[in-house]
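>>> here is the input, now give the coordinates:
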Amino acid sequence: MNEVLWNRLTAAQLGALAARDAVVLVPVGATEQHGPHLPTGVDDFLAAEVCRRAARLAGEHTGVVVTPSVPTGLSEHHMPFGGTLTLTLPTLHALLRDICRSVVRAGFSRILLVNGHGGNMTALNALTTELTTELATPIAFASYFSAGRDVLRETLETQDGLMHACEGETSMMMAAFPELIRPEHLPEAHGPRITLPAESSDPVYMAVTFDRITPSGVAGDARVATAEKGEKLLSGCAEALADIIVRDPWDKLGGRG
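This is a model prediction of the structure:
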């Protein structure tokens, strides 16, 4: 099986992939509290895992490589819980600009930012436009859980999409990183249902810290999570992301090298 991870490839191998006009996936996650039962790296781990799986699938049709993930995002709303690392918006912008600039200088022209954190969504929509202009290269953006919306709806029992430290995220962690679950805390891993800010129909947005939404740090109900659901979610989200890659949105924007 061909290697897809950027940092496991040599410079010469990456040059050959660039010459094939390979797609570069940049996972963007977060490091923040995820209730009493999950580690702080959930969003980072899952974005990178879905990217790795999607690259394997899409690699049957086109060259694909996955950069090291961006493990820290916009998580100010989780700071009251502790255990959270956050960037400011200008820092995230600068970091992604420099990563994407390096990718372009390495000879690649098709870049897809793959988001794993709800709090990054609105910012990444805007930053994608900024980066496309600054780098004169069409950058694409997708949240893996938006790409896999259908499988989420079909699989989850208590919610229609991802929330936070919920049935969905807990199930995927059970499937991919079971050693990081604290099962003794699952009985307390539940909280109110929420809608991601980027998907809200509320005409007014205000910044609210997460401890005002849920004292447990959990939105949704992790008590019904299973590894079987998690594997179905990871596979379905990866397939949806691979389909986006193969459909080649860059070609419509004239972004092919």
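>>> going forward, measure contacts and count neighbours with C-alpha atoms only.
OK.
>>> could you report the neighbour count for the nearest residue to residue 187 once chain neighbours are set aside?
Spatial nearest neighbour of residue 187, excluding adjacent residues (Cα to Cα, 6 or more residues apart in numbering): residue 223 at 6.2 Å. Residue 223: 17 surrounding residues under other Cα atoms under 10 Å.
>>> so residue 53 is in contact with residue 240, correct?
No - applying Cα atoms under 8 Å, one finds residue 53 not in contact with residue 240, separated by 10.7 Å.
>>> in this protein, where is pLDDT below threshold?
197-200, 253-257 (pLDDT under 70).
>>> kindly recompute the last result at 80.
Filtered on pLDDT under 80, the chain yields the residue ranges 1, 195-202, 205, 252-257.
>>> give the contact list for the one residue sitting closest to the centre of it.
Taking Cα atoms, centre = their mean as the criterion, residue 116 is the residue nearest the geometric centre of the chain, at 2.1 Å. Residue 116 makes contact with 27-30, 43-44, 46-47, 143-145, according to Cα atoms under 8 Å, 6 or more residues apart in numbering.
>>> just checking, which of the residues you listed belong to helices?
Among the contacts of residue 116, the members falling in helices (DSSP state H) are 43-44, 46-47, 144-145.
>>> from residue 86, how far out is the residue nearest to residue 114 when sequence neighbours are not counted?
Closest residue in space to residue 114, ignoring its immediate chain neighbours: residue 27 at 4.7 Å, by Cα to Cα, 6+ apart. Distance, residue 27 to residue 86, by Cα to Cα, to the nearest Å: 16 Å.
>>> of those two, who's got more company?
Neighbours were counted for residue 27 and for residue 86 using other Cα under 10 Å; residue 27 has more, 29 against 19.
>>> and the longest helix seen in the chain, how far from the chain's centre?
Of all the segments of type helix in the chain, defined by DSSP H, the longest one is helix 227-247. Its chain's C-alpha centre and that of helix 227-247 lie 12 Å apart, by Cα atoms, centre = their mean, to the nearest Å.
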